[in-house]
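# here is my input; please provide its structure:
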Amino acid sequence: MASTLSPPAPGWREPDAEALSLEVAGDAAAARGDDLEALSCWSEALSALTSLPRPVEAARVASKMAVSEEHLGEAEAACGHYAQAADLYKAAGDLHHVPMCLNNLAMLRKLGGQPEEAAALLARALEEASRCHGSVHGETALIATNLGAVLCEAGDYLGAEQSHMQALGIREQLFGPAHPEVGLSLGHLGVIHQMRGATDRARSFYTSALAILDEFPQLHVAERSILRDNLAGL
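Residues are numbered from 1 along each chain as shown. Purely as a prediction, here's the structure:
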């Protein structure tokens, strides 16, 4: 996760410098692919920053730890640090980073077989994104899409449709009606209608989605293949 170091804040003390040095050492280890060394440095930095306290800096380090832990397959540790980062960012009033911390936490919970918790986290992330980014924003659309996918898997087709319609509306406003992200949203809606047994509506959405996505043959290759198979199977 890319991050920019903030300049020293008023009242900068030696422990702050030590924590920053540890964070930078962790960044260097991560850059050379040594995730374990990076996590060791960041863990010390996080402990120092939370004791100072410096919530924004601590949140930044917790986020980096979560990304590395997720990369290493340490899902529970990553979940803990995504949750910690979200809480710290919120406590510091740096709300723009909260939605994606919650989104990433939710997607790990989904992969861990906890769809109800994932849906609750995504609903919270969507609320936070709408509040800090506005209702028409790419991040808001992404989170709405993820919520729709989780609800669809849980069998809540009405809730899933509402979430994907929200994402579709945002993407059409941001990018216009012929953008590949719009095509993906149309494809998601096709899946929902197919699962509900609404064959004609599913066919319409699949056809519209593929008409857009086929104009971008280098993008979303796997998704286009799935949509084409779904359409053929109707």
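# which residues touch Leu39?
26, 65, 68-69 (CB atoms under 8 Å, 6 or more residues apart in numbering). C-beta: built from backbone N, CA, C; applies to glycine.
# of these, which is the most crowded?
Per-residue neighbour counts (other CB atoms under 10 Å) across those peak at Met65, which has 28 neighbours.
# list the buried residues of the helix or strand hosting that residue.
Following DSSP states H and E, one finds Met65 within helix 55-71. For helix 55-71, the neighbour count (16 or more other CB atoms under 10 Å) marks 55-70 as buried.
# can you check stretch 220-227 too?
Buried residues in stretch 220-227 (16+ other CB under 10 Å): 220, 223-224, 227.
# where do the helices sit along this structure?
Along the chain, counting by DSSP state H, helices occupy 14-31, 35-51, 55-71, 75-92, 98-111, 115-133, 138-153, 157-175, 180-195, 199-213, 221-232.
# in JSON lines, list those along with mean pLDDT.
Below are these laid out as JSON lines (pLDDT from 0 to 100):
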{"stretch": "helix 14-31", "mean pLDDT": "90"}
{"stretch": "helix 35-51", "mean pLDDT": "96"}
{"stretch": "helix 55-71", "mean pLDDT": "97"}
{"stretch": "helix 75-92", "mean pLDDT": "97"}
{"stretch": "helix 98-111", "mean pLDDT": "98"}
{"stretch": "helix 115-133", "mean pLDDT": "97"}
{"stretch": "helix 138-153", "mean pLDDT": "97"}
{"stretch": "helix 157-175", "mean pLDDT": "98"}
{"stretch": "helix 180-195", "mean pLDDT": "98"}
{"stretch": "helix 199-213", "mean pLDDT": "98"}
{"stretch": "helix 221-232", "mean pLDDT": "97"}
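# circling back: what's the most distant pair in the buried residues of stretch 220-227?
Using CB to CB, the buried residues of stretch 220-227 span at most 9.0 Å, a distance reached by His220 and Leu227.
# tell me the contacts of the closest residue to Leu22 other than its chain neighbours?
Sequence neighbours aside, Ala45 is the residue nearest to Leu22 in space, at 3.8 Å (criterion: CB to CB, 6 or more residues apart in numbering). Ala45 sits next to 19-20, 22-23, 26, 61 when contact means CB under 8 Å, 6+ apart.
# could you do Cys101 as well?
63, 66, 82-83, 85-86, 89.
# can you rerun that using 7 Å?
Contact analysis of Cys101 by CB atoms under 7 Å, 6 or more residues apart in numbering lists 63, 82, 85-86, 89.
# also Ile143?
With contact taken as CB under 7 Å, 6+ apart, Ile143 is in contact with 99, 103, 122, 125-126, 129.
# and the gap between it and Val136?
According to CB to CB, to the nearest Å, Ile143 stands 13 Å off from Val136.
# do the same with Asp16
From Asp16 across to Val136, the span is 38 Å (CB to CB).
# neighbour-wise, which of those two wins?
Neighbours per residue (other CB under 10 Å) separate Asp16 from Val136, with Asp16 holding more: 17 against 14.
# is it true that Ser68 touches Ala38?
Yes - if you go by CB atoms under 7 Å, Ser68 and Ala38 touch, sitting 5.8 Å apart.
# check contacts around the spatially closest residue to Ser204 that is not a sequence neighbour.
The shortest distance from Ser204 to any residue other than its chain neighbours is 7.8 Å, reached at Gly190 (CB to CB, 6+ apart). Contact analysis of Gly190 by CB under 7 Å, 6+ apart lists 202, 205-206, 209, 227, 230.
# what's the PyMOL syntax to select whichever of those residues are buried?
Only the buried members of the contacts of Gly190 enter the following PyMOL selection, criterion being 16+ other CB under 10 Å:
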select buried, resi 202+205+206+209+227+230
